[in-house]
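Trainee: Please work out how this folds:
(3 chains)
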Amino acid sequence: MAFAVFAARRLASMIWVMLFVALFVFSLLYLAPGDAATVIAGEDTSPEDVERIRKGLGLDQPFHQQFLIWLGNILQGDFGISIFSNIPVLELIGQRLDPTISLTLTTIIFSTLVAVPFGVIAAWRSGSLIDRSLMLFSAICFAMPAFVLGYCLILLLSLQLDLFPVQGFVPISDGIGPFLLAITLPTLMLGTVYIVLIARITRATVMDVLNEDYIRTARSRGLSEREVLIRHALPNAAVPIVTVIGLGFALIIGGVVITETVFNIPGIGRLTVDAINKRDYPLIQGIIILTSAVYVIINTIIDILYVYIDPRIRL
Amino acid sequence: MRRGSSRMNSSYWMGAVLLGAVLVPSLLAPWLSSADPLLIEPFSRFAQPGPEHLFGADALGRDVFSRTLYGGQTSLVVGAVVTLVTVALGATIGATSGFFRPLDAVVMRIMDGLMAIPGLLLAIALAATFGNSLMTVVVAIATPEVPRVVRLVRSLVLSLREELYVMAAVAVATPRPVIIKRHIVPNALPALVVLATYICAAAILTEATLGFLGVGVPPEYPSWGNMIAEARISFQVAPWLILFPSLFLTITVLGVNLLGDGLRDSLDPKLAEKI
Amino acid sequence: MGAAKSVATLPDTVNKALEVENLTVTLPPDAERRLAVDDVSFSVARNEILCLLGESGSGKSIIALAIMGLLPRPVVNVRSGRIGLNGQDLLALSPRRMRQMRGQQVSMVFQEPMTALNPLLPVGDQISEVLRTHTKLRKKERRDRVLTLMDDMQLPDCERLYAAYPHQLSGGQQQRVMIASALALEPALLIADEPTTALDVTTQARILSLIRKVCVDYNAAVLLITHDVGVAAEVGDRVAVLRYGRVVESGPTRSVLESPAQDYTRMLMASVPRFQPRTGNQPHHYRLLIEARDISKTYVGRSLSAKGRQVQALRDASLQVYEGEIVGLVGESGCGKSTLARIIANLEQSDHGEIRFRGEETKALIARDNRAFRKGLQIVFQDPYRSLNPRRSIGQSIVEGPLNMGVSSQEAWEGARAILEDVGIDARAVTRFPHEFSGGQRQRICIARALAMQPALLIADEIVSALDVSVQAQILNFLREIRDRSDLGVLFVTHDLRVAAEICSRIAVMRSGEIVEMQETQSLFESPQQDYTRSLLNAVPGKALLEGTAIELVDQTDRPASCAKAD
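Mentor: Take a look at the predicted model:
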């Protein structure tokens, strides 16, 4: 019962947040300098066409009514039509989903598998060579823009050593081998900052947890260090680690835009850059709303997951 | 009890040195480099690094050394301005929200909403909407960072209000404005200063990223992001065009971050948890 | 202290489970002193409880961790000595062998049961962990054994409790779980490090008697570490008094505590509040200072997970304080005593009820003249580490109030120096910052800050709870002195009846937001009207010893007349 109330509250607050996002995204168009219809139509459109767009969008009506109409359409799955390609926004996004989802999943899985053990070991042996090299590596990675890292990877692993293709994406349906070969470098590029972020938080949290009294209790019972880490330290460090995996998802969304540009992958990221360059507002709006929704949903799910990680939250 | 600014540590000094190594040449650019960063010299296209052009020349024959130094000015100005704007705005909103409970719910909803939009996406959307100008870039970079400051300042205010020494000040009839000035602001400042350094580093990185995606500062300002974006097309023939601005960029951000880490550890070892 | 190396001797050396010989432990180079433990020797037999008694910094916990092999190395290291357990030198064992000893041959119970248990694991599993690590018992057998153990520890409804999480248990139950897990394999030695310090007095009494019982039932040697003379007197067969890492004196509890041979022990015993109302606490004036009538307060949960949940902190609580008297407000943790204190000081608001300060309703007084109210009433908090702004000099903190009252800067600073001298701190320290002072010194600075306002009423909210007993005695003396030379009224909030008996003329006993009884101290002790008061009185540890020989002891030494400068 209490859990249902808790979950309902989280969902309600999620809806509020998404409403704000929608309002913000909608206002973006009106904040832009110049007339909205002209902005949407582009500069080389005839005045008749501009007028047609104005009517079509209901721009002659007051702001709040426009917003409600627009919101109503979105809730029905109508994100409008891309100005440039004349294809419905949702369909356009759907066409580009596959590479982005593949890249995102490989990155999250790979990063978590690398970062968490790395962070735990660094915390357990804090001050050791492993720890210090992690900290040095992470400081440099935080300072290096992702695209620079991408070009370094291409230069070294593709052009010099010829291990991986320079660009492009191969869907998993074309075979797992070619898929992995093509997606390795983008995953490395996209994952690096994410790995560093998760590893740092894991290290800091596990170090804190290792100073807790119950760790001393576990040692006083004669548990081995491995058991102390796995049975006691890691579960107690889980909440901040899972949180940062969720919050860091924003980094991945931003990173996808750059990674797909560097590696010429035809996904949502490239679509975003195209939309921005062509000022294709319906498309930009659609992309921001959908990615924000995914981000918010992931973090809401994680919030609700805490109840299963930590019995103290259960009421 | 480790306190006091006398205990500056090694990462603080390393950060200061790295930052100085970039800052000083950038500020001295007019004296260090005789070449005009915007001058197009068709005969020097893709000139290799050498005595003529220390860092080589780009696809239009512009001097990369000179452009890198002037680009540093752009990056540092953007970083500094974004930091000032973000901290001023965020601290004002955060403090207001922390002190006036009725406003709090509304403000925090708006901040949650802003934080729900992935930062880089928000920045490029804003930059694209308002067109190319230095001002646009500053707004685009600052907007996604504001909620971070608001949340920190708000939580600092809320926790400092409950401090016993604040209660003790209430108990000796110290007026509220004086309590804020005397007891709350000085104790909130260290965390804010540290966060400011991290925001500065993030701003410099985002500026470069926006330039790379073609929505950065206008081309008449040489900037590291713009240089890397232009060099992208020819990076297989002339990798140094990417190398030098990237190197400077990385050193700068590393320096600012280390400075922040050092400040954090010397001001208050427990700060790491708050930020 | 001359007796650095005195070995507690017992006729029967065969039975000795633990023999610590010439143990020396070093501290890191930047520490305040070089050695945490300096050439310490003692022994404990099975069926025996040895109490290590010492104030903070005496090195008592370091000794426990050294025996467990859990010193935070490489920061703190054993330099020399021998720790014999059943004839085996623990210091000579490999880390692997030592790990096998822990939980099996030697185990430990800690001060904070709440934090000593893993919050994410059911308590039954945590006890079972010892069996899983050291035995080959099957799951079912382990569970049965754990249930028996829990039953032995007098835990209720063990089947249900097995699956409960630590936060669902009371502090006393948590500590019983800790003891069960420590005794699961019937170790030769049980170390209990301040096992009851974090618990309420009635719970403390029950846990102490449990420790007494299991010491015999499980045929264990018990090393009990405490700062509380009462606890040592209550359960210790023998006691070793520690100071600055050395054994000052040791021997059978009664003889050490009743006729101490060393100056330090004598000073310690003189500082201990007697469990007996002192004479001379009766007030000289009878002008009413403050009157709180029917104060109620309900807290409503605000966090996402506890929204709307209500906790009634105060229920129609009433009390009065007259000029020149110290009134005790006594109760266990969470009973609402601090909330009441803060409401009286107008630092929190009540839901209903009325407070009158010198006859005037405080709300009206504050609206009319806030400064007059604040000047008349001052408060000192429990935690001296958080009560002073770390970025302001102690002088700045002290003059803040007087300056607000319109006193000239020169006068205020002169006053600050004078009041610092009064509370026993060098006036030249006025420009120093809080972190340069010890906890006891900081608390005296806080008192100085309050007294600089020359208030009529001082609210002292658990002001000695965080302090060592010798420092505590100095502060109590100081309060008494102030009361005697002025008409200051004090509302003294404390969880400790012994302390209240020392200085209070009247005592209000509080339980779950209600004041259950309020009486003159003498009559409260002689004829308590409520069962709850009686149980509080009965639970005070070391009563027998403290009541018996108290006065005589006090006369043996010079009570520190005022606050001495050394902490």
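
Trainee: rest of the way, CA atoms for contacts and neighbours
Mentor: Noted.

Trainee: For the helix or strand harbouring B:Val82, which residues meet the burial criterion?
Mentor: Here B:Val82 is covered by helix B:64-99, with elements defined by DSSP states H and E. Of the residues in helix B:64-99, B:64-76, B:78-87, B:89-98 count as buried by neighbour count, 16 or more other Cα atoms under 10 Å in any protein chain shown.

Trainee: Give the other helices and strands that that helix contacts.
Mentor: helix B:10-27, helix B:29-32, helix B:101-116, helix B:134-161, helix B:185-212, helix B:224-232, helix B:240-267 (3 or more Cα pairs under 8 Å, 6 or more residues apart in numbering or on different chains; DSSP states H and E).

Trainee: quick one: the fourth one to chain centroid distance?
Mentor: Going by Cα atoms, centre = their mean, to the nearest Å, the spacing between the C-alpha centre of helix B:134-161 and its chain's C-alpha centre is 12 Å.

Trainee: Now do it against helix B:101-116: the angle between them, please.
Mentor: Per axes from the mean of the first three to the mean of the last three Cα atoms, to 10 degrees, the angle that helix B:134-161 makes with helix B:101-116 is 130 degrees.

Trainee: can you state the direction angle for helix B:134-161 and helix B:64-99?
Mentor: Going by the same axes, to 10 degrees, helix B:134-161 makes 40 degrees with helix B:64-99.

Trainee: and helix B:134-161, which residues are buried?
Mentor: By 16+ other Cα under 10 Å, the buried positions in helix B:134-161 come out as B:134, B:136-158, B:160-161.

Trainee: Now look at the helix or strand following that helix and say if it contacts chain C.
Mentor: Downstream of helix B:134-161, the next assigned helix or strand under DSSP H and E is helix B:164-171. Yes. Helix B:164-171 reaches chain C (Cα under 8 Å from any Cα of the partner chain) through B:Leu164, B:Tyr165, B:Val166, B:Met167, B:Ala168, B:Ala169, B:Val170, B:Ala171.

Trainee: Specify which member of those is nearest to A:Val116.
Mentor: Of all the residues of helix B:164-171 next to chain C, A:Val116 sits closest to B:Leu164, with 38.8 Å by Cα to Cα.

Trainee: Next, the residue nearest to that closest one when sequence neighbours are not counted: phi, psi?
Mentor: Closest residue to B:Leu164 apart from its sequence neighbours, by Cα to Cα, 6 or more residues apart in numbering or on different chains: C:Ser387 at 4.7 Å. When quoted as degrees, to the nearest 10, the phi and psi of C:Ser387 stand at phi -90, psi -10.

Trainee: C:Leu137 too?
Mentor: phi -60, psi 150.

Trainee: again with B:Thr174
Mentor: The phi and psi values for B:Thr174, taken as degrees, to the nearest 10, are phi -70, psi 130.

Trainee: Tell me how far the nearest residue to it once chain neighbours are set aside lies from A:Ile230.
Mentor: Among residues not flanking B:Thr174 along the chain, C:Asn404 sits closest, at 6.2 Å (Cα to Cα, 6+ apart). Computed as Cα to Cα, to the nearest Å, the C:Asn404 to A:Ile230 distance reads 57 Å.

Trainee: Which one of the residues of helix B:164-171 next to chain C is nearest to C:Arg142?
Mentor: Distance to C:Arg142 across the residues of helix B:164-171 next to chain C (Cα to Cα) is lowest for B:Leu164, with 48.2 Å.

Trainee: residue contacts, the closest one?
Mentor: Neighbouring residues of B:Leu164 by Cα atoms under 8 Å, 6 or more residues apart in numbering or on different chains: C:Phe381, C:Arg386, C:Ser387, C:Leu388.
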